[in-house]
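Colleague: Quick one, fold the following:
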Amino acid sequence: MYPYLRNQPTKGPDWDQEVVRGPRNPRFEYSPFDHKVLRFALGILRFPNLILEIGVTRTRAQMPSTDTLLSSRPHGCAHVGVDIVDNYIELDRADTYFHHGSSEEHDEVLEFIFASVGHTTIDFLHIDGCHSPRMAFNDWEYTAHVPPGGVIVIHDTAVHNGPTQLVNLIDRSRVQVFKFGEDRADDWGITVCQKL
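Modeller: Got it, this is the predicted structure:
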């Protein structure tokens, strides 16, 4: 059962499929507009201790979200990246950790986070992994470890079926939801949530 949703998702024929809807042609996977929204979202928190980024950026040519999260985080805030591809670009920074594996392995990922960082809550959760409904909802399960006031950012919410379905089912009485970039042809859409 997925937390903080109005209803549980329907597991239709595209449950395991990543489907892109609508004609969009952004120059970068993570647009300059997305970076502004990401800095805004991180600024909501006064003193975050831990950022969990699911789906870290592979190359600097993609204008990585990872760079914005690392450069905008306050001193002492740890960053943990999780990805199935082992080519994380930021291993040389302080308070930065990488878990090579699937975000589906909740117990393993959480054990890694808590052992590496020493925190048992996730103040800022950034979801930009696989975009099938199954994986988007799987990544949403980490919100159980986000405290009230914590922030969740979901990328690709205007075009990919998984993030779109997820955002549509969030319980607005328990989580504030702000959607950005839905009407922009140069952006994939980004949603900022804050737990109440």
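Colleague: For residue 151, list each beta-bridge partner.
Modeller: residue 124, residue 194 (DSSP bridges).
Colleague: again, but for the one 4 residues further on
Modeller: Here residue 155 shows beta-bridge partners residue 190, assigned using DSSP bridges.
Colleague: which parts of the helix or strand bottoming out on mean pLDDT in the chain are buried?
Modeller: Every helix and strand of the chain was ranked by mean pLDDT, DSSP states H and E. The lowest is strand 96-100, at a mean of 84. Using 16 or more other C-beta atoms under 10 Å as the test for burial, strand 96-100 gives 96-99. Placement of C-beta: from N, CA and C, glycine included.
Colleague: Go through those residues and say which is closest to residue 135.
Modeller: residue 99 (15.8 Å; C-beta to C-beta).
Colleague: Against residue 113, how distant is the closest one?
Modeller: 8 Å (C-beta to C-beta, to the nearest Å).
Colleague: and if you look at residue 3?
Modeller: Taking C-beta to C-beta, one finds residue 3 at 18 Å from residue 113.
Colleague: So between those two, which is more surrounded?
Modeller: Set residue 3 next to residue 113 and count neighbours by other C-beta atoms under 10 Å: residue 113 wins out with 23 against 15.
Colleague: which non-adjacent residue is nearest the more buried one?
Modeller: Excluding its sequence neighbours, the residue lying closest to residue 113 (C-beta to C-beta, 6 or more residues apart in numbering) is residue 80, at 5.2 Å.
Colleague: Now do the same for the one you found: helix, strand or coil?
Modeller: Secondary structure assignment for residue 80 (DSSP: H, G, I helix; E, B strand; the rest coil): strand.
Colleague: In this structure it contacts residue 95, no?
Modeller: No - the pair residue 80 / residue 95 is not scored as a contact, 9.4 Å apart, by C-beta atoms under 8 Å.
Colleague: So these two - more neighbours on which side?
Modeller: Per other C-beta under 10 Å, whichever of residue 80 and residue 95 has more neighbours is residue 80, with 22 against 17.
Colleague: need the contact list for that one.
Modeller: 50-53, 96-99, 112-113, 116-117 (C-beta atoms under 8 Å, 6 or more residues apart in numbering).
Colleague: Please apply the same query to residue 120.
Modeller: Contacts of residue 120 (C-beta under 8 Å, 6+ apart): 114, 145.
Colleague: gap between it and residue 144?
Modeller: The value you get for residue 120 to residue 144, if C-beta to C-beta is used, is 12 Å.
Colleague: thinking again about what came up before, note down every partner strand of the least confident helix or strand of the chain and its orientation.
Modeller: strand 78-83 (parallel).
Colleague: so how far is the partner strand from its chain's centroid?
Modeller: 11 Å (C-alpha atoms, centre = their mean, to the nearest Å).
Colleague: again, but for stretch 47-56
Modeller: On C-alpha atoms, centre = their mean, the centre of stretch 47-56 falls 8 Å from the chain's centre.
Colleague: Repeat that for stretch 129-139.
Modeller: That offset, for stretch 129-139, works out to 10 Å (C-alpha atoms, centre = their mean).
Colleague: I figured residue 176 hits residue 191, correct?
Modeller: No - counting by C-beta under 8 Å, residue 176 stays clear of residue 191, with 10.6 Å between them.
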